[in-house]
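Student: Here is a sequence with its predicted model. Questions after.
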Amino acid sequence: MKILFINLDILFMFISGILLMNYFSITWSYFRVIEFLHIFGSIILTIMFVLPFLYRHIYESMILMKHKSKSGVAFAVVFVLLLVSGTYLFLVGNRGGDMYGILSYSLHLYGSFVLLLLLALHLKKFFVLRYLNSGAFLILLFFPNYVYSSSEKLTNIVFSDGAKRHHSIDWTNSVTCKACHPEIFKQWADSNHRHLADSNPYYMVLENLAEMDRGKEFRKWCMGCHNPSAVSMEQERTTHFMQDNSMPEPLFTKGSQNLINEFKKHPNRLEQGVSCIACHRITEAKPGGNSSYTLNLTKRKKYLYEDAHTDMKVWISQKLINAKPQVHKQEYMKPLYKKSEYCASCHNEFLPHSGKKVVSTYEQWKKSPYNNPKKPKEHKECIDCHMTYLSEGKFSPLHGKSTLGGSNKKDIKVHYFAGGNHFLAGLKNKENESQSLQLLKTSAKLDVQLDKGLLYVGVKNVGAGHKLPTGAADFRELWLDVTVKDRDGKTVLSSGKLNKEGEIEKGSVIFNKVFGDKEGNPVGLFFWRYEKLLKDTRIPAGKRVVEKFSLQKELHYPLHVKIKLNFRIYPQWVTNVVKAAYPQLPDPPVITIKEIEKQFD
């Protein structure tokens with residue numbers, strides 16, 4: 001009876017393990033339970049029954065009775081190997097980058113068939129086991145592959161899971177991703193994507209202004225991209241991040257420590273902004289903009305205890321994912337994420353009441369020389385610039401692992417999300433700021449010529465796959481700071497300096513766009529009032545513009561010319577408005593993207 005019981009134990013381990021292979025179309029609801037039962041059932045059965053039985057059986061047969069059984073010895077050796085490999089898979093996992101993990105997986109998988117065959121040979125009177133062995137191989141040959149199925153609109157988010165309204169528990173908190181993806185979490189934690197809503201003072205002021213000007217419902221136009229989790233829960237507004245009853249310092253808190261602390265106290269509280277899930281559960285995206293993407297939150301395959309918050313259950317869940325991470329990868333990584341259309345679902349922007357385009361970064365890229373799929377060496381998608389690591393001003397794809405124990409990659413797509421807004425990320429993390437500054441400084445080149453009393457300054461967009469600047473270009477300042485001095489050091493031409501109020505002096509050459517209302521008046525902060533484009537001097541991708549400056553007639557040569565291409569993420573007047581609500585906010589610095597000096601004799 002004991003032998004039969006042990007045989008059934010081993011048969012249970014074998015069959016439950018076989019069902020986890022990629023040959024069976026086991027529905028996820030069953031699969032995750034089978035995985036749990038296979039691992040923990042095998043542990044319990046092995047410790048309580050199999051090991052004690054094998055110890056007694058080996059002692060009695062080989063020590064006391066002096067039996068010599070090659071199949072028995074081979075069985076014991078293979079069983080130990082399966083025990084070791086299974087323990088490794090559970091505690092360490094097989095994520096693709098660890099040779100021991102790959103070896104353990106292969107040994108555990110194919111060794112189980114060898115074990116069953118040896119058991120059949122060792123117990124010849126149990127012929128049924130031989131048939132089970134043969135039957136298992138036949139099943140593998142004929143079963144199909146393991147396939148998982150998967151008026152004025154203010155927001156275009158589609159929820160493909162059929163839910164009309166979500167709960168905060170549907171939004172797995174990004175802190176849970178930190179355990180297996182610590183470096184990616186660290187990059188994201190201080191990025192602008194992380195701080196798009198409650199911890200972004202500029203956004204909070206503008207969302208409040210939107211309600212004051214257009215009504216409460218209009219907030220959704222902003223929130224669709226900046227705060228999709230709140231939209232899915234039908235919240236009417238983005239709320240300030242509160243710690244107990246006081247406002248924390250989200251501007252300077254590094255590594256999203258406030259989010260981590262909040263998660264420890266209240267794991268089911270909604271995480272606002274653009275979380276890991278907000279991007280990695282997008283199943284479809286269109287380049288239309290205004291959150292034109294599809295989310296699937298509730299119909300995702302979760303491992304057992306994946307939503308648990310107790311230490312033991314979290315540990316178990318992580319080990320279950322480690323042991324067989326393929327499903328996790330399928331659920332949170334799509335080929336779509338490498339395409340520019342994915343980014344365009346938010347980085348295009350139009351007014352819902354008029355259809356006028358406020359941001360058209362994707363269209364700019366489509367017309368650029370970087371959109372050239374027929375020439376792969378010249379073709380670049382958004383992530384090739386904005387998610388590729390930079391070192392010493394050059395693109396230097398980061399080598400290594402994006403997952404603990406994962407496979408080595410030649411180009412880890414970093415989550416600093418380098419772009420124009422170096423400022424807010426830089427208040428928290430200098431590495432995040434450095435990535436954006438390095439990217440900015442690859443974008444343009446300067447040249448200068450002097451002819452017949454006219455100074456010609458050329459500015460070429462050499463690095464951006466869109467206009468320079470892009471995005472909220474009505475709030476960006478890219479301008480020429482020009483200084484010309486004669487042989488005596490006297491300034492004979494000056495342009496592009498800041499006045500006492502911190503504003504760029506009038507008459508300076510600024511590359512930006514200006515929106516106007518119906519009467520042609522600049523709309524200022526109320527950019528949703530845009531009816532007429534008053535100005536657009538931005539530089540298209542690959543294009544060069546030339547600005548002309550007149551010099552006085554009588555000059556004492558040689559002339560020393562110094563040109564700077566300066567950038568500021570927000571005008572001083574915008575920052576002043578925001579600082580009225582957030583007085584701790586410092587002023588954004590002026591960044592010199594390129595500089596050139598030349599002497600003309």
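Tutor: Nice, I can see it.
Student: Would you map the helices across the stretch 201-350 of the chain?
Tutor: 201-214, 219-226, 228-232, 257-265, 276-280, 311-323, 326-332, 340-347 (DSSP state H, counting those that start in this stretch).
Student: Can you tell me what sits against the third one?
Tutor: The one in question is helix 228-232. 155, 157, 159, 163, 165-166, 168, 170-171, 197, 220, 223-224, 237-238, 270-275, 278, 291, 295, 297 (C-beta atoms under 8 Å, 6 or more residues apart in numbering). (Glycine included, C-beta is placed from N, CA and C.)
Student: In the longest helix along the chain, which residues are buried?
Tutor: Secondary structure of the chain read by DSSP state H shows that its longest helix is helix 99-122. The neighbour-count check on helix 99-122 (16 or more other C-beta atoms under 10 Å) flags 101, 104-105, 107-109, 111-122 as buried.
Student: next one: stretch 403-420
Tutor: Quick answer for stretch 403-420 (16+ other C-beta under 10 Å): 403-406, 409, 412-420.
Student: Before we move on, what's the pLDDT of Gly135?
Tutor: What the model reports as pLDDT for Gly135 is 43.
Student: and if you look at Gln552?
Tutor: The model's pLDDT for Gln552 equals 86.
Student: Skip the chain neighbours and tell me the closest residue to it.
Tutor: Val492 (6.0 Å; C-beta to C-beta, 6 or more residues apart in numbering).
Student: wait, is that neighbour part of a helix?
Tutor: No - going by DSSP: H, G, I helix; E, B strand; the rest coil, the assignment for Val492 is strand, not a helix.
Student: That one: what's it in contact with?
Tutor: Val484, Lys485, Asp486, Leu551, Gln552, Leu555, Leu559.
Student: try Met204
Tutor: Counted by C-beta under 8 Å, 6+ apart, Met204 has contacts Ala197, Asp198, Thr238, His240, Ala581.
Student: Tell me where the model's unsure across the protein.
Tutor: For the chain, the stretches flagged by pLDDT under 70 are 1-4, 60, 64-67, 124-151, 241-249.
Student: SS state for the residue nearest the centre of it?
Tutor: In the chain, the C-alpha nearest the mean C-alpha coordinate belongs to His415, at 5.2 Å (C-alpha atoms, centre = their mean). Following three-state DSSP, the label given to His415 is coil.
Student: hang on, it packs against Pro182?
Tutor: No - applying C-beta atoms under 8 Å, one finds His415 not in contact with Pro182, separated by 11.8 Å.
Student: quick one: secondary structure of Val546?
Tutor: strand.
Student: ranges for the strands of the stretch 351-500 of the chain?
Tutor: Ranges of strands in the stretch 351-500 of the chain, per DSSP state E, counting those that start in this stretch, are 357-360, 390-391, 394-395, 398-400, 409-412, 444-451, 454-461, 477-485, 491-495.
Student: Paired strands for whichever helix or strand comes after the last one, with orientation please.
Tutor: Next in sequence after strand 491-495, counting helices and strands by DSSP states H and E, comes strand 510-511. For strand 510-511, sheet partners with direction are given as strand 477-485 (antiparallel), following DSSP bridges.
Student: how distant is the partner strand from the center of its chain?
Tutor: On the basis of C-alpha atoms, centre = their mean, to the nearest Å, strand 477-485 sits 37 Å off its chain's mean C-alpha point.
Student: what do you get for stretch 292-301?
Tutor: On C-alpha atoms, centre = their mean, the centre of stretch 292-301 falls 16 Å from that of its chain.
Student: And stretch 460-478, by the same measure?
Tutor: Per C-alpha atoms, centre = their mean, the centroid offset for stretch 460-478 relative to its chain is 23 Å.
Student: And stretch 191-208, by the same measure?
Tutor: Counting by C-alpha atoms, centre = their mean, stretch 191-208 comes out at 17 Å from the chain centroid.
Student: Likewise for stretch 189-201?
Tutor: 13 Å.
Student: for stretch 18-37, same thing?
Tutor: On C-alpha atoms, centre = their mean, the centre of stretch 18-37 falls 29 Å from that of its chain.
Student: How far does it stretch from one end to the other?
Tutor: Distance between the two ends of stretch 18-37: 13 Å, counting by C-alpha to C-alpha, to the nearest Å.
Student: next one: stretch 236-254
Tutor: Per C-alpha to C-alpha, stretch 236-254 runs 28 Å from first to last residue.
Student: How about stretch 263-282?
Tutor: First-to-last residue span, stretch 263-282, C-alpha to C-alpha: 23 Å.
Student: Off-centre distance for it?
Tutor: 13 Å.
Student: what does stretch 70-77 give?
Tutor: 50 Å.
Student: Same check on stretch 561-581?
Tutor: 28 Å.
Student: Can I get it in CSV? Just the C-alpha atoms.
Tutor: C-alpha atoms of stretch 561-581 as CSV (Å, rounded to 0.1, in the frame of the first residue of the first chain):
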residue,chain,number,x,y,z
VAL,A,561,30.9,86.9,-32.1
LYS,A,562,29.3,84.6,-29.5
ILE,A,563,26.1,82.7,-30.2
LYS,A,564,24.2,80.6,-27.8
LEU,A,565,21.1,78.4,-28.5
ASN,A,566,19.3,78.6,-25.2
PHE,A,567,16.4,76.6,-23.9
ARG,A,568,14.0,77.0,-21.0
ILE,A,569,11.3,74.5,-20.3
TYR,A,570,8.8,77.1,-19.0
PRO,A,571,8.7,80.9,-19.4
GLN,A,572,9.2,82.8,-16.2
TRP,A,573,5.6,84.1,-16.3
VAL,A,574,4.2,80.6,-16.3
THR,A,575,6.5,79.6,-13.4
ASN,A,576,5.4,82.6,-11.5
VAL,A,577,1.7,81.6,-11.8
VAL,A,578,2.5,78.1,-10.6
LYS,A,579,4.7,79.3,-7.7
ALA,A,580,1.6,81.1,-6.4
ALA,A,581,0.2,77.7,-5.6
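Student: Give the buried residues for that stretch.
Tutor: Buried-residue list, stretch 561-581, by 16+ other C-beta under 10 Å: 561, 563-572, 574-575, 577-579.
Student: In helices, which of the residues you listed appear?
Tutor: Per DSSP H, the subset of those in helices is Gln572, Val574, Thr575, Val577, Val578, Lys579.
Student: Now those in TSV, please, with extra columns for distance to Glu503.
Tutor: Shown next, in TSV, are these (distance: C-beta to C-beta, whole Å):
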residue	distance to Glu503
Gln572	5
Val574	11
Thr575	11
Val577	13
Val578	15
Lys579	15
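Student: contacts for stretch 334-341?
Tutor: In contact with stretch 334-341 (C-beta under 8 Å, 6+ apart) are residues 279-280, 282-287, 342, 362, 365, 371, 381-383.
Student: Any of these buried? List them.
Tutor: Applying 16+ other C-beta under 10 Å to the contacts of stretch 334-341 flags 279-280, 282-285, 287, 342, 362, 365, 371, 381-383 as buried.
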